[in-house]
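Peer 1: make a model of this:
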Amino acid sequence: TLKGEVKLHGEVGRDGEIAFRANILNSGRGLPGSVVLYTQDPHERLYDRSLISGISYVGSAGEHWRIKADMGFSSAWNRYVNTSPLYPEPLDDKYLQRECSLSAVALWKPREGWEVSIAQDIWANTLDSNMEECPLPQRLSSVGAVSARWSSQRLSITSSLSATVMRERVRKGQPAPGRERLSPSVSICWKVLEDRDLRLRASYREGFRVPTFNDLYYARVGNVWLQPETSRQLNLGVGMLQPLDRGQIAVTADLHADKVHNKIVAIPTMFIWRMRNVGEAAMLGGDLSVRYDQRMDACTLHATAAWSYQYAVDVTDPEAKNYRHQIAYAPRNSGSLSLAAETRPLTLSYTLVAVGERYSLAQNLPSYRMEPYLDHSLSLSREFRAGARARILLSAQALNLTGRTYEVIKWYPMPGRNYRFTIKLTY
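Peer 2: Numbering: from 1, shown residues only. Have a look, this model is predicted:
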């Protein structure tokens, strides 16, 4: 894998700034293949080449206005090869996606406590492929939004309205239909206590997701009749930041309820994910996180713990066998724990990721159940200067310490215990 990045910054006028960025990626790798009886040799390979670039400007336009403009271009080439003897001829699928984008944001502050913003984004996308069944689509998308925020010392209210318009055409076959949608949102945050920074918040938003080219047109995956996903979400939350002697502790908790129409669900494999709509999905969930930071004479300690619960079920048809069954690959419980100790020369950290049971298909049958798992990792790093401007970071990681071959995707066990060594030079 080869990665490269270039960033350039410059000043324009009294308070303007212009920036250019470019990223390249070139990689080729073998895919492990699924665990199938009497089949031991993997036959799949994946190649990627991509370029992401853009130029942006941030500056003022008068006393009360702030503006930002961005122009970008990206190109992503993928090649998937499968030489399995199950196919009469090897599969050699090639895809090239290009995107041009323009965006602009204007922020107006008419008086103390008031902010109004207007934003507009425009994208043009194309997809080319060597697959005969690919319709070679072209898409033009526009998302505009108007938002306003009022804030006082203890209370802030934010509301917004976004408009999405998408038009698509193809050089052959049937295109996906055009889409239009208005999506409002509103949120309130109230600072209850000053000394402990205790805040209560509530929000309501409507979401809209249009299927991507990958969802619609990739061979053996695409579903040109895939419907856009619409959702309504209500969220209630509380957050607290408690200062300590030479440290702090932060706690956040959220409860949310979602109703999703035509939820887009991916049934995963290694390269090709099969897409489908769930007519109606209902979700109830909660998130809890705690972060603790403490500075000591010899080191600084950081500890973060997070837990998430998600009840996400299919409620499309009461007569269906999977009615009120958990959506495929959505765990009810998941969480993480991170511990780190920083000294002047060294940083030692430990990470635990926990994922509860899931089901690989829509029906929650015992044969589709996937075991819960814990993933432990340990890392040690040191950064030091090399001359006046350069810094070198050395790190060593031990991943999946217990060596358990758990599955994120059914029939594709993850690696056992493995090690990674990194050298990073910053100049």
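Peer 1: tell me the phi and psi of the residue nearest to the spatial centre of the chain?
Peer 2: With distances taken as Cα atoms, centre = their mean, R209 lies nearest the centre of the chain, 13.7 Å away. Note on R209: backbone dihedrals following degrees, to the nearest 10 are phi -130, psi 120.
Peer 1: when you give positions from now on, start the count at 39
Peer 2: Fine by me, first position is 39 from now on; the one you just mentioned is R247.
Peer 1: excluding chain neighbours, what is closest to it?
Peer 2: Beyond its immediate neighbours in the sequence, the residue positioned closest to R247 (Cβ to Cβ, 6 or more residues apart in numbering) is E267, lying 4.2 Å away. Quick note: C-beta positions are derived from backbone N, CA and C, even for glycine.
Peer 1: ditto for L322
Peer 2: Counting by Cβ to Cβ, 6+ apart, Y349 is the residue found nearest to L322 once chain neighbours are left out, at 4.6 Å.
Peer 1: and if you look at L463?
Peer 2: Computed as Cβ to Cβ, 6+ apart, the closest residue to L463 that is not its neighbour in sequence is I430, at 5.6 Å.
Peer 1: next helix or strand past the helix or strand that contains the residue nearest to L322?
Peer 2: Assignment of secondary structure by DSSP states H and E places Y349 within strand 338-352. Under the assignment DSSP H and E, the closest C-terminal helix or strand after strand 338-352 is strand 371-380.
Peer 1: and that next one, what's buried?
Peer 2: By neighbour count with 16 or more other Cβ atoms under 10 Å, strand 371-380 contains the buried residues S372, G373, S374, L375, S376, L377, A378, A379.
Peer 1: just stretch 403-414 next, same as before
Peer 2: By neighbour count, and taking 16+ other Cβ under 10 Å as the criterion, the buried residues in stretch 403-414 are M408, Y411, D413, H414.
Peer 1: so what touches that stretch?
Peer 2: 369, 371, 388-399, 437-440, 442, 444-445, 448 (Cβ atoms under 8 Å, 6 or more residues apart in numbering).
Peer 1: restricted to strands, list the residues you listed.
Peer 2: Using DSSP state E to define strands, the subset of those located there is N371, Y388, T389, L390, V391, A392, V393, R396, Y397, L437, E445.
Peer 1: which members of those are classed as buried?
Peer 2: T389, A392, V393, R396, Y397, L437.
Peer 1: residues contacting the second one?
Peer 2: In this structure, A392 makes contact with N371, S372, G373, S374, L375, P410, Y411, L412, D413, judged by Cβ under 8 Å, 6+ apart.
Peer 1: sorry, back to before: helices or strands up against the strand holding Y349?
Peer 2: strand 312-333, strand 371-380 (3 or more Cβ pairs under 8 Å, 6 or more residues apart in numbering; DSSP states H and E).
Peer 1: mean pLDDT lowest where, among the ones you listed?
Peer 2: The stretch with the lowest mean pLDDT among these is strand 312-333, which comes in at a mean of 94.
Peer 1: how far off centre is that strand?
Peer 2: For strand 312-333, the distance from its own C-alpha centre to the chain's C-alpha centre is 12 Å (Cα atoms, centre = their mean, to the nearest Å).
Peer 1: now do the contacts for the closest residue to W228 other than its chain neighbours.
Peer 2: Closest residue to W228 in three dimensions, ignoring its sequence neighbours and counting by Cβ to Cβ, 6+ apart: L238, at 4.9 Å. The neighbours of L238, taking Cβ under 8 Å, 6+ apart as the test, are C227, W228, V230, G275, V276.
Peer 1: tell me the mean pLDDT over the strand or helix carrying the residue nearest to L463?
Peer 2: Secondary structure from DSSP H and E places I430 in strand 428-437. Taken as a whole, strand 428-437 has an average pLDDT of 94.
Peer 1: chain center to it, what's the gap?
Peer 2: Mean-position distance between strand 428-437 and its chain equals 25 Å (Cα atoms, centre = their mean).
Peer 1: contacts for that strand next, please.
Peer 2: Strand 428-437 is contacted by residues 413, 415-424, 453, 455-465 when judged by Cβ under 8 Å, 6+ apart.
Peer 1: in that strand, what counts as buried?
Peer 2: Within strand 428-437, the residues that qualify as buried by neighbour count (16+ other Cβ under 10 Å) are S433, Q435, L437.
Peer 1: what does stretch 62-76 give?
Peer 2: L69, G71.
Peer 1: tell me the mean pLDDT for stretch 267-284?
Peer 2: Within the predicted structure, the mean pLDDT of stretch 267-284 is 94.
Peer 1: got it, and stretch 289-301?
Peer 2: The predicted model gives stretch 289-301 an average pLDDT of 97.
Peer 1: burial of the residue nearest to R312 when sequence neighbours are not counted, as a residue count?
Peer 2: The spatially closest residue to R312, leaving aside those adjacent along the chain, is I305, at 4.5 Å (Cβ to Cβ, 6+ apart). The local packing of I305 (other Cβ atoms under 10 Å) involves 17 other residues.
Peer 1: and the gap between I305 and Y256?
Peer 2: Counting by Cβ to Cβ, to the nearest Å, the separation of I305 from Y256 is 14 Å.
Peer 1: picking that back up, report the beta-bridge partners for the residue nearest to L463.
Peer 2: The partner list for I430 in beta bridges (DSSP bridges) reads F422, L463.
Peer 1: go on, I302?
Peer 2: The residues listed as beta-bridge partners of I302 by DSSP bridges are N315.
Peer 1: wait, doesn't it sit right on G317?
Peer 2: No: under the criterion of Cβ atoms under 8 Å, I302 lies out of contact with G317, with a separation of 11.6 Å.
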